[in-house]
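Trainee: Here's a sequence, model it:
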Amino acid sequence: VLKESVNASFTKKTVELKQAINEAFQNNNELSAFKNHLLSTQTNIGIERSLYLPRLKFEESYTNTHIPVQVISFLLNQSNIKDVDLDLASQNNPNPINNFWTLVSIDQKILDLKALWAIEIAKKTYRVKNFDYLRKMEEIAKKVALAYFDVDSDKKKVSAAKDSVKDAEEILEVVKHKYSNKKALYSDVLRASSILSNSKQRLVTIQRELDISKRLLGLKMGYDRSVDIIDKKTSGLSLKSKDYYKNASLTRNDAKALETQYEKAKTNVKIATAGYCPTLDINASYNLFDPNVPFGYKGDSYLAAAFFRWDIFDGLKRNYEIKRAKYDSKEAYENLEWFKKNVSFQVYSAYTKIEGELENIKISRETLKTSQEGRTKVLEEYKNSPYITISDLLNTQISLDQARVNYILQENSAIDSLIELSFVSGTILKDCLGK
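Mentor: This is a model prediction of the structure:
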């Protein structure tokens with residue numbers, strides 16, 4: 001059973017980019033943890049709002065005492081006082097008395113500006129975290145996309161390494177043929193064999209790197225196993241105009257979070273100012289008293305009260321709280337303005353970088369084409385001409401191998417830069433998922 005479970009867990013899974021990102025949103029533990037943090041923050045809205053809702057309380061208490069004042073009070077509350085209880089001797093040394101007190105009370109805030117603004121603070125805090133959560137989704141999408149194209153790049157490297165092995169085998173056969181015809185030295189055969197051995201070693205190394213890349217993709221998607229990609233171009237990623245990225249960057253989720261943070265800081269100024277305003281609360285309660293049993297009603301009474309409070313002077317505490325809140329607001333504003341400028345630079349930098357890398361792809365493509373043609377020509381000349389040495393042939397093969405790898409690296413670098421551009425402009429979900 002354990003063996004079947006292990007085999008099932010490593011069943012080959014292939015995905016396209018859109019599917020990989022969507023599954024990461026469902027399974028990634030990092031994103032799930034952040035979502036729970038977001039939901040936790042949302043509960044603060046209810047907590048702050050509850051302070052402005054009625055508070056209903058029920059209480060049952062029991063007391064046994066012979067304190068004179070308490071005895072008289074309990075007898076009055078129980079409607080159980082007699083003439084003998086008013087006798088001075090009895091009052092000075094009363095008998096112990098039992099009292100069961102049932103209380104139902106309600107408290108309600110009528111006016112408390114601090115409590116009202118605290119609700120707004122909780123809402124803005126939730127909005128900030130919600131924008132942070134959306135930005136975290138973009139971050140997860142970026143990590144998945146990078147891992148996805150790393151697999152694609154490593155697959156191309158494996159294919160290139162196999163071509164190198166095939167080319168090295170062809171060269172070795174040609175050298176052996178010339179050696180058998182006394183037209184090449186045995187050292188030439190050894191050098192060709194060494195090139196073939198090195199090519200095979202590189203293939204093994206790259207295949208292991210591909211396995212690791214697949215496992216990393218699975219990890220980014222939230223799995224504990226390897227995930228392969230579908231070998232077709234379905235990413236939807238393509239370079240768009242500079243204005244597309246620049247305009248989108250103005251509404252990045254983390255920029256919105258900072259804007260909300262600035263609004264929150266301004267609300268804190270209002271909270272600090274509200275300390276100068278009065279508060280008004282009301283309270284009502286109904287009481288039952290009984291000397292013998294809980295919840296009894298030998299006597300009853302009610303209480304209704306209103307509390308108007310106004311702190312006239314508090315040692316300049318509110319004055320300094322207002323100053324602090326204003327400084328915090330200015331700090332939030334400056335952070336927001338710097339962030340906007342930094343985002344603009346990030347978009348400019350990423351776009352400029354990818355323009356250069358697209359040019360490098362063209363150059364590396366031409367270099368690869370030239371290397372392939374050169375290797376074919378030199379190989380034919382080596383077969384038929386005594387003036388072409390084994391060094392010339394092996395050097396052209398090495399150049400071809402380097403050109404193949406360089407072209408793949410240039411392509412992968414451009415894709416990584418395109419993903420980074422989509423991320424810094426805030427368009428990565430739209431570019432990868434179409435939303």
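
Trainee: Going by C-alpha atoms from here, please, whenever you check contacts or count neighbours.
Mentor: Noted.

Trainee: Go through this structure and flag its longest strand.
Mentor: Secondary structure assigned by DSSP state E gives strand 97-111 as the longest strand of the chain.

Trainee: which helices and strands does the helix or strand just after it pack with?
Mentor: Next along the chain after strand 97-111, taking DSSP states H and E as the criterion, comes helix 113-180. With contacts taken as 3 or more CA pairs under 8 Å, 6 or more residues apart in numbering; DSSP states H and E, helix 113-180 sits against helix 17-27, helix 29-50, helix 186-220, strand 228-229, helix 253-274, helix 317-384, helix 390-425, helix 428-433.

Trainee: any residues touching the shortest one, and which ones?
Mentor: It refers to strand 228-229. With contacts defined as CA atoms under 8 Å, 6 or more residues apart in numbering, strand 228-229 is touched by K12, K13, T14, V15, E16, L17, Y148, V151, D152, K214, L217.

Trainee: mind running it again at 6 Å?
Mentor: By CA atoms under 6 Å, 6 or more residues apart in numbering, the residues outside strand 228-229 that reach it are K13, T14, V15, E16, K214.

Trainee: got the buried residues for the longest strand of the chain?
Mentor: Residues 97-103, 105, 107-111 are the ones in strand 97-111 that count as buried (16 or more other CA atoms under 10 Å).

Trainee: Throw the residues you listed into JSON lines and include distance to L336 and pLDDT, thanks.
Mentor: What follows is the buried residues of strand 97-111, written out as JSON lines (distance: CA to CA, whole Å; pLDDT from 0 to 100):
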{"residue": "I97", "distance to L336": "68", "pLDDT": "93"}
{"residue": "N98", "distance to L336": "66", "pLDDT": "94"}
{"residue": "N99", "distance to L336": "63", "pLDDT": "95"}
{"residue": "F100", "distance to L336": "61", "pLDDT": "96"}
{"residue": "W101", "distance to L336": "58", "pLDDT": "96"}
{"residue": "T102", "distance to L336": "56", "pLDDT": "96"}
{"residue": "L103", "distance to L336": "53", "pLDDT": "96"}
{"residue": "S105", "distance to L336": "48", "pLDDT": "97"}
{"residue": "D107", "distance to L336": "42", "pLDDT": "96"}
{"residue": "Q108", "distance to L336": "39", "pLDDT": "95"}
{"residue": "K109", "distance to L336": "36", "pLDDT": "94"}
{"residue": "I110", "distance to L336": "37", "pLDDT": "94"}
{"residue": "L111", "distance to L336": "34", "pLDDT": "94"}
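
Trainee: Tabulate the helices and strands packed on helix 113-180 (a markdown table), appending mean pLDDT.
Mentor: Converted to a markdown table, the helices and strands packed on helix 113-180 look like this (pLDDT from 0 to 100):
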| stretch | mean pLDDT |
| --- | --- |
| helix 17-27 | 94 |
| helix 29-50 | 94 |
| helix 186-220 | 95 |
| strand 228-229 | 94 |
| helix 253-274 | 95 |
| helix 317-384 | 95 |
| helix 390-425 | 95 |
| helix 428-433 | 91 |
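
Trainee: between the ones you listed, which one is nearest to P294?
Mentor: Closest of the helices and strands packed on helix 113-180 to P294 is helix 29-50, at 30.8 Å (criterion: CA to CA).

Trainee: which parts of that closest one are buried?
Mentor: Along helix 29-50, these residues count as buried under the neighbour rule (16+ other CA under 10 Å): N29, L31, F34, K35, L38, T41, Q42, N44, I45, E48, R49.

Trainee: which of those residues lies closest to E366?
Mentor: With CA to CA as the yardstick, the closest approach to E366 among the buried residues of helix 29-50 comes from L31, at 43.0 Å.

Trainee: Okay, the closest one and T102: tell me how far apart.
Mentor: 50 Å (CA to CA, to the nearest Å).

Trainee: do the same with N44
Mentor: Using CA to CA, N44 is found at 33 Å from T102.

Trainee: Please apply the same query to T273.
Mentor: 41 Å.

Trainee: Equivalent analysis for W117, please.
Mentor: Using CA to CA, W117 is found at 36 Å from T102.

Trainee: and what of K35?
Mentor: 44 Å.

Trainee: still on that earlier bit, now tabulate the helices and strands packed on helix 113-180 in TSV and tack on distance to V71.
Mentor: Conversion of the helices and strands packed on helix 113-180 to TSV gives the following (distance: least, CA to CA, whole Å):
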stretch	distance to V71
helix 17-27	67
helix 29-50	39
helix 186-220	73
strand 228-229	84
helix 253-274	45
helix 317-384	45
helix 390-425	76
helix 428-433	75
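
Trainee: For K162, find the nearest of these.
Mentor: That would be, of the helices and strands packed on helix 113-180 and by CA to CA, helix 186-220, which comes in at 6.6 Å.

Trainee: so what does that closest one touch, helix or strand wise?
Mentor: Applying 3 or more CA pairs under 6 Å, 6 or more residues apart in numbering; DSSP states H and E, one finds that helix 186-220 contacts helix 113-180.

Trainee: does N283 count as helix, strand or coil?
Mentor: Assigned by DSSP: H, G, I helix; E, B strand; the rest coil, the conformation of N283 is strand.

Trainee: The closest residue to it other than its chain neighbours: what's it in contact with?
Mentor: Closest residue to N283 apart from its sequence neighbours, by CA to CA, 6 or more residues apart in numbering: D107 at 4.6 Å. Shown in contact with D107 (CA under 6 Å, 6+ apart): P54, R55, I282, N283.
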